[in-house]
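Asker: this one's sequence-less:
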């Protein structure tokens, strides 16, 4: 009888160790969800394809699932609830094609739209359910609080936390990870007789372990890659002139298809911001929509002026895309006043110009997606400057806007400036850097040169 008891205790220890190993195996996946891939890169260099994130996920799920199936705790309901809900959330981050219908539904649920956050909450449910299953029996209500209600509030309240901003970009496809040794060789060569013979020889060599066999095949792939590179270099040298001509032809064709290309030089010059800000020109709106479509939704709140959550995201993305591609060129020297380029001209020319042109384009794009903007004029010690600002509205919305900027740039301590108009409403500057005043030294020179209301009245 004592022997049976000891065997039972030993088997429990074995399966608990298996479950713990499953959670440890997920560490590279957890770090990846946080945007930290250095650890997994080291593992890949040292151990090869076996440390692929998808492969590690599959191994981990097998180990954790084995523990849940075999352990015999007192709280069976805790095991079942945590197993079902935990893996449901985790499989929104580690995707399988056979579960596409399931993930298509979860992607539309607002508190499940962040796969990275779902992974962490799913792991919390699994680990906490594991602990509950090993404790004395508790009521189903207490289990529900810890395994359903607490995770639900975590999913709702942590959606915008900057640590989980990777979102859809971090999702892991498990389908791509079901590979064999032969998959390590480029498909173009894996069916060639010499390669097939080499792989069969490696697999049949008893003196090599699995890791050594994998290393031999990876060495073969490296030799193939080197030959491919040498072949490419020779082809590039022999076809350099033809390639250059092809590139020139493609670049010329691309210029014809650039946004607003047909309005780059219509011969007309405008002299006011009111004329230059053109949100209603089709190619300007199309340009703005092509950027913000990632964050689809109504731009404004009920007052039809203040940006909603989606509107804030659209503003940040517009500024990020335009400012990162902007090329600064000064106005012509012969002019005594500022040279204003209309928004469509600036887009057609490839986002080139000075601060006036940048502020005109920003204001045009903000208005093109439903926002309210204005263009400010200010002076510093050595020069004057113009910049756009977006209407934010209330103090509460201002704080939401600032939080979203910090989350987008992954900088919780980022300092973000703002301004207030005569009505007590708040605005965020869209200067070269969002939320930063480049030139606003002398308040007596500060004034509004353009306001969206001029387009309405």
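Answerer: Arrived safely, thanks for sending. Just so we're clear, the structure is a prediction, and the values are computed from it rather than from any experiment.
Asker: Mind pulling up the pLDDT for residue 304?
Answerer: If you check residue 304, the pLDDT there is 86.
Asker: Use 45 as the first number from now on
Answerer: Sounds good: first residue 45 from here, last item residue 348.
Asker: Okay, and it sits in which element?
Answerer: Under DSSP states H and E, no helix or strand contains residue 348.
Asker: go on, residue 354?
Answerer: Using DSSP H and E, residue 354 sits in helix 353-369.
Asker: Check which helices and strands that helix is in contact with.
Answerer: helix 326-336, helix 399-412, helix 439-452, strand 470-474 (3 or more C-beta pairs under 8 Å, 6 or more residues apart in numbering; DSSP states H and E). For the C-beta atoms, the positions are set from N, CA and C on the backbone; glycine is no exception.
Asker: pLDDT averaged over that helix - what is it?
Answerer: When pLDDT is averaged over helix 353-369, the result is 95.
Asker: Quick one: the strands in the chain, in order.
Answerer: Secondary structure of the chain by DSSP state E: the strands cover 138-139, 216-217, 371-372, 396-397, 417-423, 428-437, 463-464, 470-474, 491-495.
Asker: Lowest average pLDDT across these?
Answerer: Ranked by mean pLDDT, these bottom out at strand 216-217, with a mean of 78.
Asker: same for that strand, what does it pack against?
Answerer: Partner elements for strand 216-217 (3+ C-beta pairs under 8 Å, 6+ apart): helix 97-114, strand 138-139.
Asker: Identify the residues contacting it?
Answerer: Strand 216-217 is contacted by residues 73, 76, 97, 98, 101, 137, 138, 139 when judged by C-beta atoms under 8 Å, 6 or more residues apart in numbering.
Asker: Each with direction, which strands does that strand pair with?
Answerer: strand 138-139 (parallel) (DSSP bridges).
Asker: Quick check: end-to-end length of stretch 125-142?
Answerer: Terminal residues of stretch 125-142 are spaced 22 Å apart (C-alpha to C-alpha, to the nearest Å).
Asker: Ok, stretch 431-446 next?
Answerer: One end of stretch 431-446 to the other measures 18 Å (C-alpha to C-alpha).
Asker: Buried residues in it, which are they?
Answerer: Within stretch 431-446, the residues that qualify as buried by neighbour count (16 or more other C-beta atoms under 10 Å) are 431, 432, 433, 434, 435, 436, 437, 441, 442, 444, 445, 446.
Asker: Closest to residue 346 out of these?
Answerer: Checking the buried residues of stretch 431-446 against residue 346 with C-beta to C-beta, the nearest one is residue 437 at 10.9 Å.
Asker: pretty sure the closest one contacts residue 346?
Answerer: No - in this structure residue 437 lies outside contact range of residue 346 using C-beta atoms under 8 Å: 10.9 Å.
Asker: For the residue nearest to residue 486 when sequence neighbours are not counted, list each beta-bridge partner.
Answerer: The spatially closest residue to residue 486, leaving aside those adjacent along the chain, is residue 423, at 5.0 Å (C-beta to C-beta, 6 or more residues apart in numbering). With DSSP bridges as the criterion, residue 423 is bridged to residue 428.
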